[in-house]
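Undergrad: coordinates for the following, if possible.
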Amino acid sequence: MAKKDYTWFIEPRNDILNQTVSADPRNSFVGYLVCSDGKKHPLWECPFDFCLSLWRSRKGSALNFKLFNREGPPGRQIRECFFLFSKKRKKGKQKTVN
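TA: The predicted structure follows:
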């Protein structure tokens with residue numbers, strides 16, 4: 001199976017995160033883009049490792065943001081990532097009725 005190619009975006013929701021994102025030279029502001037929800041969002045294009053580090057440090061901090069990605073080449077739909085890095089739950093054994 002071929003590896004999927006993703007482009008990652010962050011929408012900062014406060015000034016602290018906006019300064020953090022803009023300070024990293026790997027990130028670039030791409031403007032207000034229409035996403036799958038039909039709304040325009042101010043998005044920064046960021047590498048995956050930057051998104052992952054923000055996701056892991058979000059609890060207990062003042063970081064407020066939304067994560068988006070696009071699968072494949074430019075021009076495809078951008079979508080919000082809700083449960084991107086969460087662990088998958090294991091299914092329990094089903095009880096049988098006798």
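Undergrad: P74: neighbouring residues, count only.
TA: Using other Cβ atoms under 10 Å, P74 has 8 neighbouring residues. The C-beta positions use only the backbone N, C-alpha and C, and glycine is treated the same way.
Undergrad: ok, what's across the strand from the residue nearest to it when sequence neighbours are not counted?
TA: Leaving aside its chain neighbours, P74 sits nearest to T7 (7.5 Å; criterion: Cβ to Cβ, 6 or more residues apart in numbering). Under the criterion DSSP bridges, T7 forms beta bridges with R70.
Undergrad: you'd agree F9 is up against G31?
TA: No. Counting by Cβ atoms under 8 Å, F9 does not reach G31; the two are 10.8 Å apart.
Undergrad: and the two? Which one has more around it.
TA: The residue with more neighbours, out of F9 and G31, is F9; 25 against 10, by other Cβ under 10 Å.
Undergrad: how far away is that one from P42?
TA: 10 Å (Cβ to Cβ, to the nearest Å).
Undergrad: repeat for F82
TA: Taking Cβ to Cβ, one finds F82 at 19 Å from P42.
Undergrad: now N69
TA: 16 Å.
Undergrad: for S53, what are phi and psi?
TA: Per-residue torsions, S53: phi -70, psi -40 (degrees, to the nearest 10).
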